[in-house]
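Visitor: mind folding the following:
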Amino acid sequence: MCGIVGYIGPKKVVPVIVEGLRRLEYRGYDSAGIAVGSAGRSKLEVSRASGKLANLEEILRDHPLEGTFGIGHTRWATHGRPTEENAHPHRDCSGRIVVVHNGIVENYLELKHELTALGHKFVTETDTEIIAHLIEQIQKDAEAGASGDRSSSSGREPVPLEEAVRRAARRLTGAFALGVLSAAEPDKIVAARLGPPVIIGEGEGEYFVASDVPGILHHTRNIYFLADGDVAILTRGGIAFTDFDGKPVERALTRIQWDPIQAEKGGYKHFMLKEIWEQPRAVTDTTLGRVSLDSGKVFLGEMAIGDEELARAQSINIAACGTSWHAALTGKYMIERLARLPVDVDYASEYRYRDPIAGPGALGLLITQSGETADTLAAQREMKALGSKTVAICNVVGAMVAREAHGAIYTHAGPEIGVASTKAFTSQLTALFLLALKLGQLRGKLDKAQSVALIEELSRIPVKMEEVLRACSTQCEELAREFAHVRDFLYLGRGIHFPIALEGALKLKEISYIHAEGYPAGEMKHGPNALIDETLPVVVLAHRDQTDPASKLRYEKTLSNIQEVTARSGRVIAVATEGDALIGSLVEHVIHIPPAPELLAPLIEIVPLQLLAYYIAVRRGCDVDQPRNLAKSVTVE
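Guide: Numbers count the residues shown, from 1 in each chain. Presented below is the predicted three-dimensional model:
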């Protein structure tokens, strides 16, 4: 949610910040603004606009800003409407202090009443504005001296900006990522974190603050990740880190491996389409170096949990949100079948509110693309408080969820810009399959021959995904012409294919704004049959693994569900295995995918569902990469 980019250095400040904000547009926003300053100016210059970044750029063309340091923000509205006056940055009474903020200040009304009584004037509906005024008041109080006389100054030196920010941070409750400037202290940016992510970039004689890596990746790959309770002070002389009490802290420098070109569209019309086509590489990269085709062993190197401790786990509790929750449901089938270990899956947003049962015998597993999802982090802390060790599956090296875990499985998908997750999802499925294999081996449920066979099948998945991309793109585009104007969709699947039905429905509703539901196919008679008529398209996952008796049985049951739909004039789009001649005689449309084992089929069958959602959304004229009301990384509850 929201985007922050700040810069100190020799380059022109405004283009650096605006370019960075553009690279963070995928996070979701509804207004934008920028503040810049330089030595000798009594105030900071601010420009803001509601709507897209292009509106701010138009203002900047008519009224250019110049400076040596600055900060910008794209806002996703929480408190107050998405208007120009509510856009960030926000100022204090004097216009000498500006603040940008991601998150929610829960005690802002209490602080606002206190500051209003002291004479502060507020001009916005936001919670953020109080932070600028609070910092201003802290500096006023310090100047007034120990007497507490706020009406006069004792002539004392004002507290430095970083100390005022630290004192302000200690008074805020809720979640916040802050970037603060003061005209009185040029060429300085102070950043603070409690919840939403903040990263600090170090270049050659230049320094950056941002809310996510792509915002500054074209300038530097040298990144520091702030932890909760950190304050970073950026000046021309370098970077210093403290906690909220002013004690120095050390933060490790991380070298980002992503190539900046990976965050570009590369000739594709949308980031989402590019990322759908990048999935074979993402699956390969997530597998690379972690398996041996000779021994069948799985190597998960970034684990502080030893093999013996993993083998002793009595159960697994998974917490995740959105698409990651669908990956978690899919992983449940993988782990329970290969490792014979019971798995519970929770929405992370519900986990800590249901008095969960966990302990040393339960392994906590957190799945999050960004590694900064607020609800998932809260679930992780609850698991740890209850005595569980935790493992994180995420896509960002150094992210908070990985730092707080006892082990991490990084997905190596590269930057995912489209809000609707695609390659992060299939990379998560790959990581879950590797974990299931590892647990199965450690628990003695898989022998060498079984492990080698499964790894060989996994190694074939990227090629099969490429086959689907080439073979199904045109077909999905044609289906989009036929179904782009319907109002509802139903997705059905059995077993491990049920979570893929959920994910297919989510992709469609996220980017096309068509109402879509995913259901277990066996639940048709328990409600969904009432929806079926000649206007309802029903996508049915009808995969069949001929080597697996249980898969064949599920397939036969699914055929019965298809007949229930067609008997009521429903229009079926089936995703079926190549060579299945029977299903074509039963349904209106068939999308064929290559054969694969039951546990790996989800990696293939999700691809045509992603393509179908994409082409329908394009056909409807929707903003595919930045769907309305959604944000890429949900960093507040």
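
Visitor: quick one: low-confidence parts of the stretch 1-150 of the chain?
Guide: Where the stretch 1-150 of the chain drops to pLDDT under 70, the residues are 1, 26-28, 76-82, 145-150.

Visitor: which residue ranges form the helices in it?
Guide: Here the stretch 1-150 of the chain has its helices, by DSSP state H, counting those that start in this stretch, at 13-23, 53-62, 108-117, 129-144.

Visitor: any idea how far Pro64 is from Val14?
Guide: Relative to Val14, Pro64 is positioned 7 Å away (CB to CB, to the nearest Å). C-beta: built from backbone N, CA, C; applies to glycine.

Visitor: between these two, point out the one with more neighbours.
Guide: More neighbours surround Val14 than the other of Pro64 and Val14, with 21 against 10 (other CB atoms under 10 Å).

Visitor: what helix or strand is Gly379 located in?
Guide: One thing to correct before we go on: residue 379 is Ala, not Gly. With elements taken from DSSP states H and E, the one containing Ala379 is helix 374-385.

Visitor: revised request: answer the last question for Val618.
Guide: helix 601-619.

Visitor: tell me the average confidence for that helix?
Guide: What helix 601-619 shows for mean pLDDT is 97.

Visitor: can I get that helix in CSV, CA atoms only?
Guide: The C-alpha coordinates for helix 601-619 follow below in CSV (Å, rounded to 0.1, in the frame of the first residue of the first chain):
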residue,chain,number,x,y,z
ALA,A,601,-0.9,-30.4,-12.0
PRO,A,602,-1.9,-27.1,-10.2
LEU,A,603,1.3,-25.4,-11.5
ILE,A,604,0.1,-26.1,-15.1
GLU,A,605,-3.7,-25.7,-14.8
ILE,A,606,-3.6,-22.3,-13.2
VAL,A,607,-1.9,-20.8,-16.3
PRO,A,608,-4.9,-20.9,-18.6
LEU,A,609,-7.1,-19.5,-15.8
GLN,A,610,-4.7,-16.6,-15.4
LEU,A,611,-4.7,-16.0,-19.2
LEU,A,612,-8.5,-16.2,-19.3
ALA,A,613,-8.8,-13.6,-16.6
TYR,A,614,-6.3,-11.4,-18.2
TYR,A,615,-7.9,-11.4,-21.7
ILE,A,616,-11.4,-10.9,-20.3
ALA,A,617,-10.1,-7.9,-18.3
VAL,A,618,-8.4,-6.4,-21.3
ARG,A,619,-11.6,-6.9,-23.3
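
Visitor: quick one: contacts for the closest residue to Arg41 other than its chain neighbours?
Guide: Spatial nearest neighbour of Arg41, chain neighbours left out: Ala183 (5.7 Å); criterion: CB to CB, 6 or more residues apart in numbering. By CB atoms under 8 Å, 6 or more residues apart in numbering, Ala183 lies in contact with 37, 41-44, 95-97.

Visitor: tell me, how many residues neighbour Leu111?
Guide: Leu111: 21 surrounding residues under other CB under 10 Å.

Visitor: do you know how far it is from Leu479?
Guide: Here Leu111 is placed at a distance of 54 Å from Leu479 (CB to CB).

Visitor: how about Glu25?
Guide: Separation of Glu25 from Leu479 (CB to CB): 29 Å.

Visitor: again, but for Phe69
Guide: 52 Å.

Visitor: ok, and the closest non-adjacent residue to Gly289?
Guide: In space, and not counting its chain neighbours, Gly289 is closest to Phe299: 7.2 Å by CB to CB, 6+ apart.

Visitor: pLDDT value on that neighbour, please?
Guide: Per-residue pLDDT puts Phe299 at 91.

Visitor: re earlier: and the next element down the chain from the helix holding Ala379?
Guide: strand 390-394.

Visitor: quick one: average pLDDT of stretch 181-190?
Guide: The average pLDDT for stretch 181-190 rounds to 95.

Visitor: gap between the two ends of that stretch?
Guide: End-to-end distance for stretch 181-190: 7 Å, by CA to CA, to the nearest Å.

Visitor: gap between stretch 473-491 and the chain center?
Guide: Centroid displacement of stretch 473-491 relative to its chain, using CA atoms, centre = their mean, to the nearest Å, is 27 Å.

Visitor: mind listing what's buried in it?
Guide: By neighbour count on 16 or more other CB atoms under 10 Å, the buried set for stretch 473-491 is 473, 475-477, 479-480, 483-484, 486, 489-491.

Visitor: same thing with stretch 124-134?
Guide: Buried residues in stretch 124-134, counted by 16+ other CB under 10 Å: 124, 126-134.

Visitor: what's the answer for stretch 458-472, then?
Guide: Within stretch 458-472, the residues that qualify as buried by neighbour count (16+ other CB under 10 Å) are 458, 461-462, 464-465, 467-469, 472.

Visitor: related to what we said a few turns ago, which elements pack onto the helix holding Ala379?
Guide: Judged by 3 or more CB pairs under 8 Å, 6 or more residues apart in numbering; DSSP states H and E, helix 374-385 is in contact with strand 315-320, helix 348-351, strand 362-368, strand 390-394, helix 400-403.

Visitor: distance to Glu517, mean pLDDT and mean neighbour count added to these, as CSV?
Guide: As requested, the helices and strands packed on helix 374-385 are arranged in CSV below (distance: least, CB to CB, whole Å; pLDDT from 0 to 100; neighbours: other CB atoms under 10 Å):
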stretch, distance to Glu517, mean pLDDT, mean neighbour count
strand 315-320, 20, 95, 26
helix 348-351, 20, 91, 21
strand 362-368, 23, 95, 28
strand 390-394, 26, 94, 28
helix 400-403, 30, 89, 22
